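>>> got a structure for you, letters missing:
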């Protein structure tokens, strides 16, 4: 293991990418799933080791082929990268372990090797985005993860996933194009693609107008990828009609990786070099974050499909993350970054519970879930705990990030009271839409009295409970995510003038 330690940043990407080529050849039923799960578990172990190294001795840098940056390809893992790697790889391995039964039901046997190969490519792409230290390789990995994600969303039996994935593809392509135009403008003015090198060379650029245009293109492109309101239109249908386990995986990490790139570009490259860019960043993102929080929560209050309801809830939760970032303070950034971790726990557990309900219910519309809690009390219990975390009840992980966000807003003085009021109002709205589901599931009458016996995978229920209890654990002992988030916030703000 000591011999491999220096190469862990590269192995974080190489392991799932190489295994994806092997998975296609594994035809016996279940073998492809086993290989995919083993590769994800290995990638998660690498992420844990990298996190330990970052906490112990600081950022980890790896030069591909020993070529120094900016001439060679540099990989870099710091506190923010480590947090994202834990989220991405943890979401993958947990979902695969829990989802064996669900994936067997939704993915045809002869298509499973291709499906799991696409899963590993999506994992490799997302991890690659996080560890890449230059703008073009971020784009390459972004396209790998996006193309694989389109395959995953369209891989289930629901034909409505096809128009949903077409919209996802269209919006994702526009976002990637905007990002690439911005990177091209910066390369034209600086002659480099390495992010650290960009930060230095932009200072010597006489005409800043192309750099300003690049900042606009990159911000809008990544906002599309991250589903920041009002550029979220692809997200609800993609989450609703994708196979249930794909929804768990993507909801836990996909948009958050785009947020990661947005934060790294804006704070590392632009805010330290463009005069007044921090104010522009806040003025652009804060209103969108607030609108996303309120409108996403409001739409969720009236949705009748549980997956679609939780998808609109994700739009609101992305708003919380961006609200913290838009404050451009240590406290605000810490709150926004730690909410990336905490929301992954809450929404992952919620969608795992929903996947369990889907194995029994006729559909995931509320009227078809009446009384299901009395038939599936353990799954329902995990759903309630995760719902409480999403609301932000004390003792859960969701409370930690919302409390820090409120604290950060209060530091703004009287103007921060408006932000605090919006956070509290949106939390009450979350109470409403979570209660709508709980009320129907517990007090409602079954749509069909002649119900079939409950045949839910104990592994799915057990994993759902594990993730739900993790919401309580990290609500009572938030040291790990808070340490990584605070170090990441300090590193981002270090680049400001």
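Alright, I've got the coordinates. What you are looking at is a predicted structure, and each value in this text was computed from that prediction instead of being measured.
>>> contacts, neighbours, all on C-alpha from now
Noted.
>>> Could I get the pLDDT score of the residue nearest the centre of the chain?
Centrality entry for the chain: nearest residue to the mean C-alpha point is residue 253, 2.3 Å, by C-alpha atoms, centre = their mean. At residue 253, the pLDDT value in this model is 87.
>>> before we move on, what about residue 272?
On pLDDT, residue 272 comes in at 60.
>>> Identify the residues contacting residue 258.
Residues near residue 258 by C-alpha atoms under 8 Å, 6 or more residues apart in numbering: 222-223, 225-226.
>>> Skipping its backbone neighbours, what lies nearest it in space?
With C-alpha to C-alpha, 6 or more residues apart in numbering as the criterion, residue 258 has its nearest non-adjacent residue at 5.1 Å, and that residue is residue 226.
>>> burial measure for the one you found, as a count.
25 (other C-alpha atoms under 10 Å).
>>> in the stretch 1-150 of the chain, which segments are predicted with low confidence?
Low-confidence segments of the stretch 1-150 of the chain, defined by pLDDT under 70: 1-3.
>>> hmm, 90 instead?
1-11, 21, 24-33, 57-74, 99-113, 133-135 (pLDDT under 90).
>>> which residues of it fall in strands?
60-63, 74-77 (DSSP state E, counting those that start in this stretch).
>>> Make a markdown table out of the ones you listed and add distance to residue 132 and mean neighbour count.
Putting these into a markdown table (distance: least, C-alpha to C-alpha, whole Å; neighbours: other C-alpha atoms under 10 Å) gives the following:
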| stretch | distance to residue 132 | mean neighbour count |
| --- | --- | --- |
| strand 60-63 | 10 | 19 |
| strand 74-77 | 5 | 22 |
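>>> Now name the helix or strand holding the closest residue in space to residue 247 that isn't next to it in sequence.
Nearest non-adjacent residue to residue 247, counting by C-alpha to C-alpha, 6+ apart: residue 239, 5.2 Å away. Per DSSP states H and E: residue 239 is located in helix 235-241.
>>> picking up where we left off before, out of the contacts of residue 258, who's the most crowded?
Counting neighbours by other C-alpha under 10 Å, the top entry in those is residue 225, with 30 neighbours.
>>> residues touching that residue, list them.
171-172, 175-176, 255, 258.
>>> same thing but 6 Å
With contact taken as C-alpha atoms under 6 Å, 6 or more residues apart in numbering, residue 225 is in contact with 172, 175, 258.
>>> what's the answer for residue 166, then?
Counting by C-alpha under 6 Å, 6+ apart, residue 166 has no contacts.
>>> re the thing from before, now do the next helix or strand after the helix holding residue 239: distance to the chain's middle.
Next along the chain after helix 235-241, taking DSSP H and E as the criterion, comes helix 244-265. For helix 244-265, the separation from the chain centroid amounts to 2 Å (computed by C-alpha atoms, centre = their mean, to the nearest Å).
>>> Could you identify the helix or strand that succeeds helix 244-265?
Downstream of helix 244-265, the next assigned helix or strand under DSSP H and E is helix 277-302.
>>> State the mean pLDDT of that following helix.
What helix 277-302 shows for mean pLDDT is 87.
>>> chain center to that helix: distance?
18 Å.
>>> what do you get for stretch 87-107?
Relative to its parent chain, stretch 87-107 has a centroid offset of 15 Å by C-alpha atoms, centre = their mean.
>>> One more: stretch 204-214?
The chain centre lies 31 Å from the centre of stretch 204-214; the measure is C-alpha atoms, centre = their mean.
>>> Contacts for it next, please.
The contact list for stretch 204-214, computed with C-alpha under 6 Å, 6+ apart, reads 182, 185.
>>> Repeat the analysis, applying 10 Å as the threshold.
Contact partners of stretch 204-214, identified using C-alpha atoms under 10 Å, 6 or more residues apart in numbering, comprise 178-190, 202, 215-220, 269-270, 273-275, 277.
>>> How about stretch 420-431?
With C-alpha under 10 Å, 6+ apart as the test, stretch 420-431 has contacts from 290-291, 293-301, 313, 316-317, 320, 323, 387-388, 390-393, 402-403, 405-410, 416-419, 432, 434-436.
>>> Which of these fall in helices?
With helices taken from DSSP state H, the overlap with the contacts of stretch 420-431 comprises 290-291, 293-301, 313, 316-317, 320, 323, 387-388, 390-391, 402-403, 405-410, 416-419, 432, 434-436.
>>> and residue 494, how many residues sit next to it?
Per other C-alpha under 10 Å, the neighbour tally for residue 494 reads 12.
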